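Trainee: Below are the sequence and a predicted model; questions follow.
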Amino acid sequence: MSVQHKATKPRTTAVVLAGGTGQRVGLSIPKQLLKIAGKAVIEHTLTIFQQADSIDDVIVLMAPGYVPDVEKIVAKSGLTKVTRVIEGGTTRNETTERAIAALGEGLAEGEDRNVLFHDAVRPLLSQRVIKDCVDALERYQAVDVAIPSADTIIVTRTHGEDGEFITEVPDRSRLRRGQTPQAFKLSTIRRAYDVAAGDPNFQATDDCSVVLKYLPDVPIYVVAGDEYNMKVTQPVDVFITDKLFQLASTAAPVQADEAAYRELLTGKTLVVFGGSYGIGADIATIAESYGAKVYALGRSTTGTHVENPEHVDDALSKAYAETGRVDYVINTAGVLRIGKLAETDNTTIQEALNVNYLAPVQIARASYKYLAETKGQLLLYTSSSYTRGRAEYSLYSSTKAAMVNLTQALSDEWAGDGVRVNCVNPERTATPMRTKAFGQEPEGSLLSSEAVARTSLDVLLSELTGHVIDVRQQDPTRDASAEASGFEQALASVLDRQEDV
């Protein structure tokens, strides 16, 4: 096996291959520009690499004629790691050759770099796979990503007009389905293409096959992929991917230490609507203990009614006037009314809509100008009930589903101004609102409001935007095997939410 030894780590570049035209999906535009979950497919993909610690920069190879479209997306979304957007070729091979040429520009003699080639239309790539690929390049010159085949694969032949017939059924245990990224030392993939250039019949649909054929002495290491790292190729893929994005949640950020909390919160201004008790009050208390100036607002303490736009405007303008800034706006206010819709009076319906939906909309609108100035964040809250409505919770579930959609829409709308928007999804939490609705519940069966508040602060201090962050008392996939795919774990999490309110 070939082992790489470097005194210093080489730069790692992600090359996003976006040369497809969308013909198989039946589109008039390239499929990578199709919007899924509120964003172009390629924007989802580029955001993944933007957030990857092991990626230094990104180059995009775009379908001819659509480079300006990607440049607009890059500028609007603040994708600072994207250094170049260039036209791809008419074939996959030609596109890779153009990428290799671009990567070689400016390199000193003997200098090498890592490169990850990834399909733009695989927008569900995990950070784990990226890290595994980069780590593997510390030892190997070529790395592929693959998953086992759950289907039986057959080899066929065509017999005239009689159709296809099976000629072989390979052993499925050794078969793998290839994915991307495919990772290489630049010098290796460049050498493979140099050798391939001498073959008049050269043609390949992926880059590992080029290394395998033309550099047979170079071992190609295989990293375990993910079931959900799917490629948007057929019309049904568009639908499935969109649904996966709708259901996807993000794990809570790693909790900061005491020094980091103090450094990041000192001098910052937080405005907390629903700050009288429960999660909101705990956020206020914790943030103040680390040096933040906090305005905790609630109807029982400050007489602030979130459903009143004037109260919201006054609270924000006061915070700004007194501190000169508003860095974070949090809304934990909400009402939970249980009952059959047909038996619910108009007053109760209006209250639920005003507090749970219209109030967050008004808070978001009023907060925007302040958050744009500080590049701050708006934090909203949903419930596990957002994934599936249920009997007697129609008002609550539907307004909580709206919070997820509002988060996704505003994160897209405000990305160009550097304003982040996220949504926290706590499981059943011990708050006065819940006690009022359900009475006393068994000790230990609920999350503490302080735990949710801590995670909320971690989200505020992160670079996340447009995400739904689960806060769980226990991991619903804890009994799954270590080999369980990310898709299986995500599915387990979604199913587990159905048990919560």
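Mentor: All right, it came through fine.

Trainee: Check the gap between the nearest residue to residue 377 once chain neighbours are set aside and residue 413 for me.
Mentor: Among residues not flanking residue 377 along the chain, residue 420 sits closest, at 4.2 Å (CB to CB, 6 or more residues apart in numbering). No exception for glycine: its C-beta is placed from N, CA and C like everyone else's. Using CB to CB, to the nearest Å, residue 420 is found at 12 Å from residue 413.

Trainee: These two - which one has more neighbours?
Mentor: Between residue 420 and residue 413, counting by other CB atoms under 10 Å, residue 420 is the more crowded of the two (23 against 15).

Trainee: tell me the contacts of that one?
Mentor: 376, 377, 378, 411, 414, 463, 464, 465 (CB atoms under 8 Å, 6 or more residues apart in numbering).

Trainee: List buried residues within these.
Mentor: Using 16 or more other CB atoms under 10 Å as the burial test, the contacts of residue 420 include 376, 377, 378, 411, 414, 464, 465 as buried.

Trainee: and the residues you listed, which of them are in helices?
Mentor: Counting by DSSP state H, the members of the buried ones among the contacts of residue 420 that fall within helices are 411, 414.

Trainee: tell me the helices in the stretch 301-450 of the chain, going along the chain?
Mentor: In the stretch 301-450 of the chain, the segments counted as helices under DSSP state H, counting those that start in this stretch are 309-323, 346-353, 359-374, 394-414, 432-438, 449-460.

Trainee: Which one of those helices lies nearest to residue 38?
Mentor: helix 394-414 (4.9 Å; CB to CB).

Trainee: now for the closest one, which elements pack on it?
Mentor: Applying 3 or more CB pairs under 8 Å, 6 or more residues apart in numbering; DSSP states H and E, one finds that helix 394-414 makes contact with helix 346-353, helix 359-374, strand 377-381, strand 420-426.

Trainee: wait, which of those is closest to residue 234?
Mentor: Closest approach to residue 234 among the helices and strands packed on helix 394-414 (CB to CB): strand 420-426, 30.8 Å.

Trainee: Run the chain-centre distance for that closest one.
Mentor: 12 Å (CA atoms, centre = their mean, to the nearest Å).

Trainee: Within its sheet, name the partner strands of it and how each one runs.
Mentor: If you go by DSSP bridges, strand 420-426 pairs up with strand 377-381 (parallel), strand 468-471 (parallel).

Trainee: Pick the most deeply packed of those.
Mentor: Mean neighbour counts were compared across those using mean count of other CB atoms under 10 Å; the top stretch is strand 377-381, at a mean of 25.

Trainee: Residues contacting that strand, please?
Mentor: 279, 327-332, 334, 360, 363-364, 367, 371, 403, 406-407, 410, 419-426, 456, 459-460, 465.

Trainee: The same query, at a cut-off of 6 Å, please.
Mentor: 328-332, 360, 364, 367, 403, 407, 420-424, 460 (CB atoms under 6 Å, 6 or more residues apart in numbering).

Trainee: pLDDT (mean, whole number) over it?
Mentor: Averaged across strand 377-381, pLDDT comes to 97.

Trainee: how far does whichever strand in the chain runs longest sit from the chain's center?
Mentor: For the chain, the strand with the greatest residue count under DSSP state E is strand 176-185. How far strand 176-185 lies from its chain's middle: 21 Å, per CA atoms, centre = their mean.

Trainee: now swap in stretch 64-80 and tell me
Mentor: Chain-centre distance of stretch 64-80: 19 Å, with CA atoms, centre = their mean.

Trainee: Return the set of buried residues in that stretch.
Mentor: In terms of neighbour count (16+ other CB under 10 Å), stretch 64-80 has its buried residues at 66, 67, 69, 70, 73, 74, 77, 79.

Trainee: any idea which of those is the one closest to residue 119?
Mentor: The closest of the buried residues of stretch 64-80, once distances to residue 119 are taken by CB to CB, is residue 70, at 14.7 Å.
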